[in-house]
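**Q** just the structure for this:
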Amino acid sequence: MMQSNPRRRPVEGGYARGQETRLRIIRTAIPLFGRLGFESASTREIAAEAGVNPPALQYYFDSKEGLYRACAEYITEQAVLAMDPALVEAERQLARAADAANLTEAYCGIVEALADHLLCDPRASSWSPLLAREQAGLGPAIAYPMLRDRFIDRFQGVCAEIVGRITGRAADDPQTLLRMLAINGQLVSFHIGRNGVMNMLGWSQVTPEHGDLIKSVVIDHARALLQAEHRAAAGRRVTASDAPPAAAPGAAGRKGPRRALASSVRKRP
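**A** The predicted model follows:
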């Protein structure tokens with residue numbers, strides 16, 4: 001397990017400048033770790049691209065491991081900051097047992113926040129390779145576990161709870177989880193397949209206008225899917241209420257044939 005000492009802080013007069021330098025190093029290191037891997041990304045290369053001397057990395061992060069952990073914390077913090085307001089609102093709607101319409105809009109708020117985070121923040125595209133490496137077992141298992149512990153578990157839990165309420169299923173039901181993943185997966189595909197999307201649409205980059213267009217389409221799809229799930233759940237409830245009551249267990253087997261035989265005997269001439 002990688003360990004590092006607590007990071008040093010700049011002295012009073014240079015605190016703001018020091019924080020700016022520290023942040024620049026982190027933002028430079030994330031894509032390098034993602035592209036080259038933890039072992040191959042050298043501190044000298046990171047320092048050169050960040051415009052600092054190599055000793056600056058040791059000053060701010062103590063070690064290469066400390067820098068990697070700081071990158072993981074930065075990615076996690078940005079996700080939490082971007083998503084927390086929408087998640088808080090969704091949790092509020094769940095706590096007050098809101099109806100399907102309000103839960104649907106709360107979910108769409110989560111989708112909108114996720115779209116802003118993944119599509120409209122130009123830094124977000126540089127985070128995926130680092131996380132993908134970890135998930136493939138190609139780097140230190142720090143960033144993705146941290147992101148899951150501090151953000152993903154809560155995010156998916158809230159989404160699954162909303163889908164479960166709307167569909168009338170438990171939040172941990174496989175159908176609930178698959179529907180939740182299908183809805184959220186729309187954005188992930190645009191995020192990970194950004195270059196393919198741009199090539200298909202003839203875009204050289206994803207401008208704010210392009211991001212808004214993608215976001216509106218994904219939100220419309222999420223709303224339509226949740227509304228359709230609500231109608232299907234209502235149909236299942238109506239069908240269940242119209243079904244005749246089930247016979248008592250074993251009743252038909254014990255009494256039905258005997259009654260039928262007695263009736264046929266009485267009808268004989």
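**Q** low-confidence ranges, the protein, go.
**A** Applying pLDDT under 70 to the chain flags residues 1-16, 240-269.
**Q** end to end, how far does stretch 108-121 reach?
**A** Its first and final residues considered, stretch 108-121 spans 19 Å by CA to CA, to the nearest Å.
**Q** how about that stretch, which residues are buried there?
**A** Under the neighbour-count criterion of 16 or more other CB atoms under 10 Å, stretch 108-121 has 108-120 buried. Just so you know, the C-beta spots here come from the backbone N, C-alpha and C atoms, and that holds for glycine as well.
**Q** helices along this protein, start to end?
**A** 15-36, 43-50, 55-61, 64-95, 100-115, 128-135, 143-147, 153-167, 174-192, 194-201, 208-242, 251-266 (DSSP state H).
**Q** which elements pack onto the third one?
**A** Using 3 or more CB pairs under 8 Å, 6 or more residues apart in numbering; DSSP states H and E as the contact definition, the elements that helix 55-61 packs against are helix 15-36, helix 43-50, helix 64-95.
**Q** output that helix as CSV, nothing but the C-alphas.
**A** C-alpha atoms of helix 55-61 as CSV (Å, rounded to 0.1, in the frame of the first residue of the first chain):
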residue,chain,number,x,y,z
PRO,A,55,11.9,19.3,-6.3
ALA,A,56,8.6,21.1,-6.3
LEU,A,57,6.8,17.8,-6.5
GLN,A,58,8.5,16.6,-3.4
TYR,A,59,7.8,19.9,-1.6
TYR,A,60,4.1,19.7,-2.3
PHE,A,61,3.4,16.0,-2.3
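**Q** got the helices and strands packed on helix 55-61 as CSV, with distance to Cys159 columns?
**A** As requested, these are arranged in CSV below (distance: least, CB to CB, whole Å):
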stretch, distance to Cys159
helix 15-36, 26
helix 43-50, 36
helix 64-95, 8
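**Q** can I get these in TSV with distance to Ser126 and mean neighbour count?
**A** Conversion of the helices and strands packed on helix 55-61 to TSV gives the following (distance: least, CB to CB, whole Å; neighbours: other CB atoms under 10 Å):
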stretch	distance to Ser126	mean neighbour count
helix 15-36	4	18
helix 43-50	12	17
helix 64-95	9	18
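**Q** quick one: closest of the ones you listed to Ile166.
**A** helix 64-95 (11.1 Å; CB to CB).
**Q** centre of the chain to the closest one, how far?
**A** Averaging C-alpha positions (CA atoms, centre = their mean, to the nearest Å) puts helix 64-95 11 Å from its chain's average.
**Q** elements contacting that helix?
**A** Applying 3+ CB pairs under 8 Å, 6+ apart, we find helix 64-95 packed against helix 15-36, helix 43-50, helix 55-61, helix 100-115, helix 128-135, helix 143-147, helix 153-167.
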